[in-house]
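> Based on what follows, work out the 3D shape:
(one chain, ligands or ions: 1)
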Amino acid sequence: MQPSPSIGQTLLLVEDNEDNRIIYSTVLRHVGYDVVEAVDGRQALALARSANPDLILMDISIPEIDGWEVTRILREDPATKDIPIIALTAHALADDRERAQAVGFTSYLAKPVEPRAVVAEVQRWIGAGVRQAGAAGMPPAAG
Ligand code: MN
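Next up, the predicted model:
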């Protein structure tokens, strides 16, 4: 039996920039998600496998193993291939958007990303955090 989709959801936030990591994790926790944090590609792979996240926010430019390669590896692993992964990249190039789709990212946010835009994109894929469950939420994104 599936748990309620709005209760106890865990996000893996992969972001090497400390300021961004604090901002995004604070906002995401505030709206009710559990957040685990990784600062490089090796931590990201380890936590994707051990923390059982419902969704991953993946900075592309991270130390050790970049976000492209981490995502490619996760997509080849039956245990992690279906986890929604949202790319966070400083590059808004059309090439990056196409590459993000090819590698298997679920969606794509170009930095700078406002915290509320991050929350909206997470909600689009896995629903509201526990503290928002039952409250009047945002309508689903069109299209
Ligand atoms: Mn980075």
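
> tell me which residues in the host helix or strand of Leu45 are buried?
In this assignment (DSSP states H and E), Leu45 forms part of helix 41-50. Buried residues in helix 41-50, counted by 16 or more other C-beta atoms under 10 Å: Gly41, Gln43, Ala44, Leu45, Leu47, Ala48. To be clear about C-beta, it is placed using only N, CA and C from the backbone, and glycine gets the same treatment.

> Nearest residue to the first one in space, please, no chain neighbours.
Pointing back at Gly41 there. Once flanking residues are discounted, Gly41 sits nearest to Ile65: 2.8 Å by C-beta to C-beta, 6 or more residues apart in numbering.

> Let me know the pLDDT of the one you found.
As predicted, Ile65 sits at a pLDDT of 97.

> Just confirm it is within a strand.
No. Read with DSSP: H, G, I helix; E, B strand; the rest coil, Ile65 is coil and lies in no strand.

> Of the buried residues of helix 41-50, which is the nearest to the ion?
Closest approach between these and the ion, by C-beta to the ion: Gly41, at 10.7 Å.

> unless I'm mixing things up, Ile85 is touching Gln101, no?
No. Between Ile85 and Gln101 there is no contact under C-beta atoms under 8 Å: 11.7 Å.

> who has more neighbours, the two?
Ile85 (27 against 13; other C-beta atoms under 10 Å).

> List the residues that contact the more buried one.
Contacts for Ile85 (C-beta atoms under 8 Å, 6 or more residues apart in numbering) come out as Leu55, Ile56, Leu57, Met58, Thr71, Leu74, Gly104, Phe105, Thr106.

> List the beta-bridge partners for it.
Ile56 (DSSP bridges).

> measure it to the ion for me?
As judged by C-beta to the ion, to the nearest Å, Ile85 and the ion stand 15 Å apart.

> Sweet, I'm off.
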